[in-house]
Each structure stands twice: as structure tokens, then as C-alpha cells.
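> Structure for this input, please:
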Amino acid sequence: MSDLICVGSVAGSFGVRGEVRLKSFCAVPEDIELYSPLTDETGTRRFPIVLTRAIKNGFAAHLGGVETKEAADALKGLRLYTQRDRLPSLPDDEFYHTDLIGLEVFDTGGTLLGKVISVQNHGASDLLEIGGGGLKSPVLLPFTQAAVPTVDLDQRRIVADPPEGLF
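Numbers count the residues shown, from 1 in each chain. Next up is the predicted model:
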């Protein structure tokens, strides 16, 4: 498991004074400001962050060291990270998406179905995108207690009971 957890990304500039459009991946979107300063993926660049206002699909924010629209535009697509130990502990039945990606997925009979490629949410609930393991194309597995009864982070595996005909 990585020590850095992605909590947001820069979607582009906002206005002409160096503000950025910020997408928050936190359960409570405003909490992204609590983890300031945020870093890039390597942990070498640090960005103090101040949210200025809510906007459509995110926030307008000032990132430390970003003073112009051109500097803000240059950061478009930058993913922002914080240290895992700064995030709250989760209950036993909740997981950070980054911890699920890469886990092997087995059915209840022990047959390898594939690996988790991504975790997606299209409004109703989380879906695990499963690929590999002889699949011709990725499969979206509902991330519910019924379809995924066991997640074992220590063993880096998931036991799934997928709906009939999914795999």
C-alpha cells in the first residue's frame, strides 16, 4: 500500500489571478483543505491549498506558488496527494480506492477471476473494474456485501460471489 493517497486533482485554471479549478476526491469534498499542503505524485512538489469558493464540479482554490493564469493552466491534470497517516481511519467495511486497485479477485471456489483495475462510481454504488485472468474485456462487479463478501488487504485478495452470468 502506498504512503501517498490521491485526494484531488487540478482541472485547469479559474479566472486570471492564478486560481485553479480543483476536484476533490474526499468523502466530504471540503476536507481536502484540511490535508494542506498537498504534494505531487513523487512527493517532491508541495502545494499549500486554500479553497476560495465552491464552483460547478469542485472548488476554486489558491495553490501556493501559483500566481498567474498561465501557471495554473500548466498544472491542469496534476493529481494531488497527502500522506496516508493524515487521513482518518476507516471502519472495517470501508476501503480507500487505492488499496483495492491491483488486488486479485477470486470466486468462492478459488478460481482467479482477474485483478481490480479501477474503482468506479456512476451514481448508484461503487463498481470494481476487473480485468485480466482470461477475460476478453473488463467486467464491472458491484462492490456490495453480497457480490464481494471478503476483502483481505493483508493477503492482497478479494473473494467475490458475482451475479450469475457476469463472468
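
> which element is the residue nearest to Leu75 when sequence neighbours are not counted on?
The shortest distance from Leu75 to any non-neighbouring residue, by CB to CB, 6 or more residues apart in numbering, is to Val10 (4.5 Å). Yep, even glycine has a C-beta here, placed from its N, CA and C like the rest. Assigned by DSSP states H and E, Val10 belongs to strand 4-14.

> just checking, next helix/strand downstream of that strand?
Assignment by DSSP H and E places the next element after strand 4-14 at strand 19-24.

> That next one vs strand 4-14, what angle?
Interaxial angle, strand 19-24 versus strand 4-14 (axes from the mean of the first three to the mean of the last three CA atoms, to 10 degrees): 140 degrees.

> can you list contacts of the following helix or strand past strand 19-24?
Next helix or strand after strand 19-24 toward the C-terminus (DSSP H and E): strand 38-39. Around strand 38-39, the neighbours that count as contacts under CB atoms under 8 Å, 6 or more residues apart in numbering are Leu4, Val7, Gly8, Ile32, Arg45, Arg46, Phe47, Ile49, Leu80, Tyr81, Thr82.

> now those residues in a markdown table, with pLDDT, distance to Glu94 and neighbour count?
Putting the contacts of strand 38-39 into a markdown table (pLDDT from 0 to 100; distance: CB to CB, whole Å; neighbours: other CB atoms under 10 Å) gives the following:
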| residue | pLDDT | distance to Glu94 | neighbour count |
| --- | --- | --- | --- |
| Leu4 | 89 | 19 | 18 |
| Val7 | 94 | 16 | 23 |
| Gly8 | 95 | 19 | 24 |
| Ile32 | 95 | 18 | 23 |
| Arg45 | 93 | 30 | 15 |
| Arg46 | 95 | 28 | 13 |
| Phe47 | 95 | 27 | 21 |
| Ile49 | 95 | 25 | 21 |
| Leu80 | 96 | 22 | 29 |
| Tyr81 | 94 | 20 | 22 |
| Thr82 | 94 | 18 | 21 |
